[in-house]
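>>> can't give you the sequence, but here's the structure:
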């Protein structure tokens, strides 16, 4: 596709439900990032993949958050037993190369999934 | 502590007026610097970036930013604002070593009045 796509665009979950958020990166992009953007805040890093390898998950806020990218393309962010504090926009970004610093390598962002936990 | 600061939460300007959005960072070494724009329901779009060299950087949509090492600042400017510039603007940094992700400020919401 032309850009990074995410689905669903909106998700409403009852507290305690599990949710799965999907990211389709730009074809051929090696690196994939997940960010969480709370209301009125800037995006905050959750996790980073290089192909199928999850190289950094230091930003995941709890063990209820899990991300995977099994074939090195599509990624899924799963949140188990959702809590109200999980309500946020979840952004996915991809970039072409892997052996460069974040600054050398433009990250292209998807439109995000807005998660509301009731 | 490492941080990206955007001191202005909300700015209102008249269409045709000039604009300056402030960004300060606090990191051990000069990081890579970025400005992104986010329109409602849209993803973040890169406006411009600074890696090295000329401290005045030109971007898309008529935006420019100036890196000032002595002030640890990377302010975004536009000489004449258009109504379509109304959006949320984020300053971000990328580190030279360590993490590959971007670190964002809290954003500045721009309102443009006729």
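That came through, no problem. It should be emphasised that the depicted structure is a prediction, and the values quoted were computed from it without experimental measurement.
>>> Going by C-alpha atoms from here, please, whenever you check contacts or count neighbours.
Will do.
>>> so how many other residues sit close to the residue in chain B that chain A sits nearest to?
Closest to chain A within chain B is residue B:43: 3.9 Å, counting by C-alpha to the nearest C-alpha. Other residues near residue B:43 come to 20 when the count uses other C-alpha atoms under 10 Å in any protein chain shown.
>>> Let me know whether it touches residue A:107 as I believe.
No. Using C-alpha atoms under 8 Å, residue B:43 is not in contact with residue A:107; the gap is 11.1 Å.
>>> list the residues that contact both of these two?
Here residue B:43 and residue A:107 have no joint contacts, going by C-alpha atoms under 8 Å, 6 or more residues apart in numbering or on different chains.
>>> so the residue most central in space within chain A bridges to which residues?
Most central in chain A under C-alpha atoms, centre = their mean is residue A:34, positioned 2.8 Å from the mean C-alpha point. Going by DSSP bridges, residue A:34 is paired in beta bridges with residue A:47, residue A:92.
>>> Kindly provide the distance from it to residue A:78.
11 Å (C-alpha to C-alpha, to the nearest Å).
>>> about what we covered before: how about the residue of chain B closest to chain A, nearest residue that isn't a chain neighbour?
Excluding the flanking residues, the one nearest residue B:43 by C-alpha to C-alpha, 6 or more residues apart in numbering or on different chains is residue A:111, at 3.9 Å.
>>> How about stretch B:94-106 and chain A, touching?
Yes. Using C-alpha under 8 Å from any C-alpha of the partner chain, stretch B:94-106 reaches chain A at B:94-97, B:99-106.
>>> SS state for residue B:70?
helix (DSSP: H, G, I helix; E, B strand; the rest coil).
>>> Where does the residue lying closest to residue A:82 once chain neighbours are set aside sit, in terms of helix or strand?
Spatial nearest neighbour of residue A:82, excluding adjacent residues (C-alpha to C-alpha, 6+ apart): residue A:16 at 4.8 Å. For residue A:16, there is no host helix or strand (DSSP states H and E).
>>> swap in residue A:36?
Per DSSP H and E: strand A:31-37 holds residue A:36.
>>> coming back round to it: need the per-residue pLDDT for the residue nearest to the centre of chain A.
pLDDT, residue A:34: 98.
>>> try residue A:62
95.
>>> To what extent is it buried, counted in neighbours?
10.
>>> And the residue of chain A closest to chain B?
Counting by C-alpha to the nearest C-alpha, chain A gets nearest chain B through residue A:111, at 3.9 Å.
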